[in-house]
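# sequence and predicted structure are below.
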Amino acid sequence: MKRKQVVPLMLIIPFALVTLLVLAAIFNIIIQSMGYMPVFGLYDFTPGYYVEVLKRSEVLSSLAVSLKIAFVSSVVSAVLGTLICAALVRTGKDKGIMLYTVRLPILVPHTVVAVFTVALMAQTGIFARIAYALGIIGDYTEFPNVLYGSGYFGAILAYIWKEAPFIAFFSLALMASVSHTLGEAAENLGASSLKSFFHITLPLSMPAVMRSFIIVFIYAFGGYELPMLLGATLPKAFPVYTYIEFMKPDFKLRPYAMAMNGITLILSLAMALIYAFMMHRLMRRLGGGYEE
Amino acid sequence: MKNKTALRLILVITVIIILLPVCVMLLWTVTGRWPWPSLLPESYTGRTVAELFTGSSKIYEVLASSIILAALVAVLGTAIALMTARATEVYRIKGAKLISFAALLPLMVPGTVFAMGIQVYLIRIGLGDTLAGVVIVHLVAALPYCITIMMDMTAAVGDSLEEQAQVLGANPARAFWSVGIPRLLPGILSSISMAYIISYSQYFTTLLAGGGKIKTLALVMVPYIQSGDRALSSVYAVTFVGSALMVFAIFEAIIHRLIRGSE
Amino acid sequence: MKRIILSLLLAAVMVFSLAACGTEKAETNTSDAADPADMSWDEILEASKGTDVKFYGWGGDENRNNWLNGTVADYLKENYDINFEYVGMDINDILAKLTSEKEAGEDTGSIDMIWINGENFYSAKENGLLYGPFTDKLPNTEAYIDQNDPETLNDFCKPIDGYESPYAKAQLVMYNDSAVTPETPKSAAELLEYAKANPGKVTYPALPDFTGSAFVRNIIYETCGWEQFQDMEADKDKVKEAIQPALDYLKELNPYLWNEGKTFPADSTALDKMFQDGEVVMNMSYGPFTVASGIADGTLKDTCQTFVFDKGNIGNTNYMAIAYDAPNKPGAMVAINAIISADLQLTQYAELKELPVVAQDKLSDEEKAEFDKVDLGKGVLTQAELLSHRLPEMPADLVPVIEEIWTEEVVGK
């Protein structure tokens, strides 16, 4: 009996240590966002920085922009990613060269993705040049300007290019293992392959898809590179706004940047909680699932 | 089967969409100028490749240290994730949900800010500007992915086979090694490659925790990308992506050989 | 029981492997942490022999990286027995690192020298992240640097007080391709006409980009004069009132700009790419000889030409400072002293095409001749033309205020 209690505790020690460090860092962010930074001679302890940040007119519109980027890009990525994952598993191409191709976009740094989104999609990009060569447009100014608009289409597209393969790769191990065991068992018992996929493989792979979805969502909500390099000057995505605030050389302004990070943290936490709640209900509806 | 044609089509489209920008990137590595409206570069240059091999960045040393560091993080991260997953999914300790939630925490704050917070503690415990410090901050960044993968995988695989092996007389370690690990292998491999990618891509955290003493490819590459030199960034990006894929290929070949050997 | 042992073992291995990495704490040959303030120059030279010096700064220019890790490192090794290394790191990251170290109470960090200027210098100095004053100790300060030059005394109008030593001079220049648009606007008014003639093909980087910000300050100088800003308080209403003519001008310019001034390129590198691709007809740079290096490495056509406004363009100086917790202060001082020598400034001028910081009248005839011999390359203005069209920077704390006003008043208006 004792062993059953001691072993798992031993097993989580390394994770617990890392989490402790993470919590300490979060604690640091929170006290700094309240204005406590002795190293710069700031000894406040007030919610005032949060209040002032939230009062700024740009903040709400930039939060809306970021939520939109995160929501659209993660939903589309999840759908496409699941589709790619299923295609890999069902065609048996979940190993070898395809696995390398799918990992490629995960490896390309965001800033490089931005460079090549511009190279392809800009008004003077490859697509515009092809249109020009075919005589569809007479000058690059006639090519639709999909980048740099306040709709953040370019940033969303770039996120999808990177994150759909991520979701596919992330869910692949689980989906392949479910499909090769339970899915095939169901087929042997007479279920059609489509039926076994939709009733067995997909539901059982959902935890991985959903978890990678929330990872992508949180990332797209908090990442500044793509919206900064592919988005509009105004309204800025919230992480871009935070980044600019953070880069201000006057250290006395640092609590404002920290308060903005605090807002990101709180919103991400809230969204992760909503997700956990929804997952819980979803799993229940799917018939208990193995989560319980 | 009919639906397989559709699935193959999806894969073909995926591959084209993934490879299109990559081809442009390959072309840019040797491009001098490529102005509107040319469909192909107007002039080519070898300066970037020359810079890669003869510049002051010592590419081979940097590659070697990046690979060793990322491999270390990948193995440690996956081991920690495996341990955590066994605690929650096999031993079913309380708070498994809390752990899977806590694992995501590092994703919720920009890495830059996180790294700064952690750095203060690292210096206080004497790990400022050390390899250990860099490994720790990389682990923080990689663990959310590793733990998520390993928890899902461990839960899906379950421990019934291992228990059977134990009933048949194998000791727990042996049961885990010869029954558990092979079934978890796909998860272990994806956790290792995710952690590898995360560590390999770290820029700011490596700078901060390593103080410039721990050199990685990302440290050399990112400033060139930021400086907007497309040809030079492309050369480094191709080196970056190519070297990582090569490491995966070698690593996976070794693993498969080991598996085959032990069977 | 075996499981307990196994998991204990695993945990132990994990902790030990980390601890083992920890003991490897890179050992550097640093001279003892003695404060060089109490040492004579000879003692400083002696203390720095055989030591390592690490210089941190922006790493995005491969030519500069090669110059520092090659020419400068060799020179320091040969003449002073110093192992010099340049580490590419953005100034914001450097300050973040120093801040963390200060917060943790560290007194021996890993950064010796820092490439810095302007607001960052002001803020770092105010917050005790820099070591100093030290420039008086360097023999070459007296030997080569003009002591009365305002840029020796002040950095963005803020007193230097011996906390940083000049490194290279920068100046904002504009450039275009004479094969596309032969005219070179010589004033704000001509620039407006130029934009009208090339609608949608002129723009500048979104503030707070360094170059975009300098361009807007230059427009402010064009439309409001530069003198009044030298001692202006960083009060938002006052600044806004003073720069109103510039804001009006920029708003008038907007409809003719790329994307009608609703959006601006995210940074100067985005604008560089647009110029290289022919999406815009004019570009700007804080490196006065950018065109020559662009033509040399093939990214720019050899018909490109550099120009400045008749009333002058903003110039500033880059500096080298020493970190408050530099492990090797004497070594850093020796290295800085060497970099401001005529020898290394000449190689910087020749290899990197950077305006030197040495005073012309302090050079020997031979040294002068060497500088004159340098071939700057195509499409650039001479050093004399640049220096005769050089305007001083504004006070560092006005810069963020102007950036804020621009975002509110100009974008999309």
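Arrived safely.
# work out for me the element residue C:320 sits within.
strand C:313-323 (DSSP states H and E).
# so does the helix or strand hosting residue C:333 get close to chain B?
Using DSSP H and E, residue C:333 sits within helix C:329-339. No - applying C-beta under 8 Å from any C-beta of the partner chain, one finds helix C:329-339 separated from chain B by no less than 14.6 Å. For every residue, glycine as well, the C-beta is placed using N, CA and C.
# which residues are in contact with the helix or strand following that helix?
Later in the chain than helix C:329-339, the nearest helix or strand by DSSP H and E is helix C:342-347. When contacts are defined by C-beta atoms under 8 Å, 6 or more residues apart in numbering or on different chains, helix C:342-347 is touched by residues C:67, C:71-72, C:75, C:144, C:338-339, C:356-358, C:363-364, C:367, C:370-371, C:374.
# what is the very next helix or strand once past helix C:342-347 packed up against?
Using DSSP H and E, the next helix or strand after helix C:342-347 towards the C-terminus is helix C:365-373. Judged by 3 or more C-beta pairs under 8 Å, 6 or more residues apart in numbering or on different chains; DSSP states H and E, the packing partners of helix C:365-373 are helix C:342-347.
# before we move on, back to that, how far off centre is the helix holding residue C:333?
Here the centre of helix C:329-339 is set off from its chain's centre by 19 Å, with C-alpha atoms, centre = their mean, to the nearest Å.
# try stretch B:60-73
With C-alpha atoms, centre = their mean, you get 12 Å for stretch B:60-73.
# residues of the stretch 201-350 of chain C that sit close to chain A?
C:206, C:208, C:259, C:262-264, C:266, C:270, C:273-274, C:277-279.
# one more pass at 6 Å, please.
Contacts of the stretch 201-350 of chain C with chain A, taken as C-beta under 6 Å from any C-beta of the partner chain, map to C:206, C:263, C:264, C:266, C:277, C:279.
# since we're on the residue lying closest to the third one once chain neighbours are set aside, how many residues are nearby?
Once its chain neighbours are removed from consideration, residue C:264 has its nearest residue in residue C:206; the separation is 3.7 Å (C-beta to C-beta, 6 or more residues apart in numbering or on different chains). If you count neighbours by other C-beta atoms under 10 Å in any protein chain shown, residue C:206 ends up with 26.
# do any residues in the host helix or strand of residue A:174 lie close to chain C?
Element membership for residue A:174, per DSSP H and E: helix A:153-178. No - Helix A:153-178 stays clear of chain C (C-beta under 6 Å from any C-beta), getting no nearer than 11.1 Å.
# near chain B at all, that helix?
Yes - Helix A:153-178 reaches chain B (C-beta under 6 Å from any C-beta) through A:173, A:174, A:177.
# between the residues you listed, which is nearest chain C?
Lowest distance from chain C to those (C-beta to the nearest C-beta) belongs to residue A:173, with 22.3 Å.
# can you tell if the strand holding residue C:320 touches chain B?
No - applying C-beta under 6 Å from any C-beta, one finds strand C:313-323 out of contact with chain B, separated by at least 11.0 Å.
# tell me the angle of that strand relative to helix C:329-339?
Strand C:313-323 and helix C:329-339 meet at an angle of 150 degrees, taking axes from the mean of the first three to the mean of the last three C-alpha atoms, to 10 degrees as the criterion.
# strand C:313-323 packs against which elements?
strand C:113-116, strand C:164-171, helix C:210-224, helix C:329-339 (3 or more C-beta pairs under 6 Å, 6 or more residues apart in numbering or on different chains; DSSP states H and E).
# mean neighbour count and distance to residue C:321 added to the ones you listed, as CSV?
Output for these, formatted as CSV (neighbours: other C-beta atoms under 10 Å in any protein chain shown; distance: least, C-beta to C-beta, whole Å):
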stretch, mean neighbour count, distance to residue C:321
strand C:113-116, 27, 5
strand C:164-171, 24, 4
helix C:210-224, 22, 18
helix C:329-339, 27, 9
